[in-house]
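Chemist: model this:
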Amino acid sequence: MLGLTSVGWYRGAFCGLATLVAATLAYAHGDVAPQPVNTDALPDVGEEWLTENPYRNMGEEVWQKAVDIGASGFNQNCARCHGLGAVSGGLAPDLRYLEAEEYGDEWFVERFRHGYTQNGTTKMPAFGELLGQKAGWAIRTYIETRPDEGALGVFSARLKEIRDQLVEWSQEAPGDAAAAESVKQELLEIAANVVTGSGAPLADSVAYRAALVLDGSVESWKSAAEALTVGLSVAE
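Modeler: Below is the predicted model of the structure:
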């Protein structure tokens with residue numbers, strides 16, 4: 001596991017990596033204009049920038065919206081350097097391991113607002129004024145809910161079985177709705193045991209996503225099966 005033990009360590013790692021890949025990052029960001037993030041669905045958090053993620057403790061509905069909006073914002077603006085799903089390829093810090101605590105939030109918001117420049121070279125642009133505070137905290141929420149490296153491994157065999165069962169049920173008429181509800185509860189139980197890299201209590205895992213899709217309809221069984229197929233493929 002690549003867990004971080006302090007923001008100081010993380011900052012040092014960032015600076016070291018940035019020195020090695022300054023030209024790469026500068027080129028990557030230089031040709032990509034920041035993409036706006038629609039945050040209308042999220043509660044306002046005021047004009048003054050906060051030092052702690054406000055969406056972490058606003059309830060499940062707000063948290064889920066923040067994760068969804070943050071995922072879109074991250075993939076449009078951050079993934080080119082920090083990796084799809086926040087899984088770094090080694091050229092930039094792996095943000096999954098920035099602790100889901102106030103000291104981790106402070107480090108994140110400082111970089112998000114002001115960017116990072118060394119010896120006159122922009123290695124990370126400033127997003128604060130361009131995207132705004134709500135977008136920043138939504139992206140932070142998404143990042144901190146990413147599963148730890150290999151966290152799905154122990155569940156992958158069972159998740160594949162569930163995927164295959166859902167496919168089979170979706171091809172039946174009318175299918176087994178009661179059994180599908182039982183599967184939903186099992187998926188939620190699995191999701192509750194997927195560990196995050198940041199220490200956040202709940203991972204936005206493929207098991208969690210598949211469970212959210214299930215509503216008793218045949219179409220939801222198909223959608224959940226597809227979510228499991230894609231998610232497990234990425235995890236591997």
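Chemist: Could you chop this protein up by domain?
Modeler: 7-144, 153-235 (automatic domain parsing).
Chemist: can you map out the strands along this protein?
Modeler: 116-118, 121-124 (DSSP state E).
Chemist: Which positions in the longest one come out as buried?
Modeler: Residues of strand 121-124 classed as buried: 123-124 (neighbour count, 16 or more other C-beta atoms under 10 Å). Any C-beta I mention is one placed from the backbone N, CA and C, and that applies to glycine too.
Chemist: elements contacting it?
Modeler: helix 22-30, strand 116-118 (3 or more C-beta pairs under 8 Å, 6 or more residues apart in numbering; DSSP states H and E).
Chemist: Repeat that for the first one.
Modeler: Helices and strands in packing contact with strand 116-118 are listed as helix 7-20, strand 121-124; criterion 3+ C-beta pairs under 8 Å, 6+ apart.
Chemist: Any buried residues in it, and which?
Modeler: Buried-residue list, strand 116-118, by 16+ other C-beta under 10 Å: Tyr116.
Chemist: What strands flank that strand, and is each parallel or antiparallel?
Modeler: Sheet partners assigned to strand 116-118 using DSSP bridges are listed as strand 121-124 (antiparallel).
Chemist: How far does the partner strand sit from its chain's centre?
Modeler: The chain centroid and the centroid of strand 121-124 are separated by 24 Å, computed with C-alpha atoms, centre = their mean, to the nearest Å.
Chemist: Check stretch 104-122 too.
Modeler: 20 Å.
Chemist: what are the C-alpha coordinates of it, in PDB please?
Modeler: C-alpha atoms of stretch 104-122 as PDB (Å, rounded to 0.1, in the frame of the first residue of the first chain):
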ATOM      1  CA  GLY A 104      -5.300  16.900   3.700                       C
ATOM      2  CA  ASP A 105      -8.100  19.300   2.600                       C
ATOM      3  CA  GLU A 106      -5.800  22.300   3.300                       C
ATOM      4  CA  TRP A 107      -3.100  20.900   1.100                       C
ATOM      5  CA  PHE A 108      -5.600  20.100  -1.700                       C
ATOM      6  CA  VAL A 109      -7.400  23.500  -1.700                       C
ATOM      7  CA  GLU A 110      -4.000  25.400  -1.700                       C
ATOM      8  CA  ARG A 111      -2.900  23.500  -4.800                       C
ATOM      9  CA  PHE A 112      -6.400  23.700  -6.400                       C
ATOM     10  CA  ARG A 113      -6.700  27.500  -5.800                       C
ATOM     11  CA  HIS A 114      -3.200  28.600  -6.600                       C
ATOM     12  CA  GLY A 115      -1.600  25.900  -8.600                       C
ATOM     13  CA  TYR A 116       2.100  25.100  -8.300                       C
ATOM     14  CA  THR A 117       5.000  26.900 -10.000                       C
ATOM     15  CA  GLN A 118       8.700  26.200  -9.700                       C
ATOM     16  CA  ASN A 119      11.500  28.200 -11.200                       C
ATOM     17  CA  GLY A 120       9.000  30.100 -13.400                       C
ATOM     18  CA  THR A 121       7.500  26.900 -14.800                       C
ATOM     19  CA  THR A 122       3.800  26.100 -14.200                       C
END
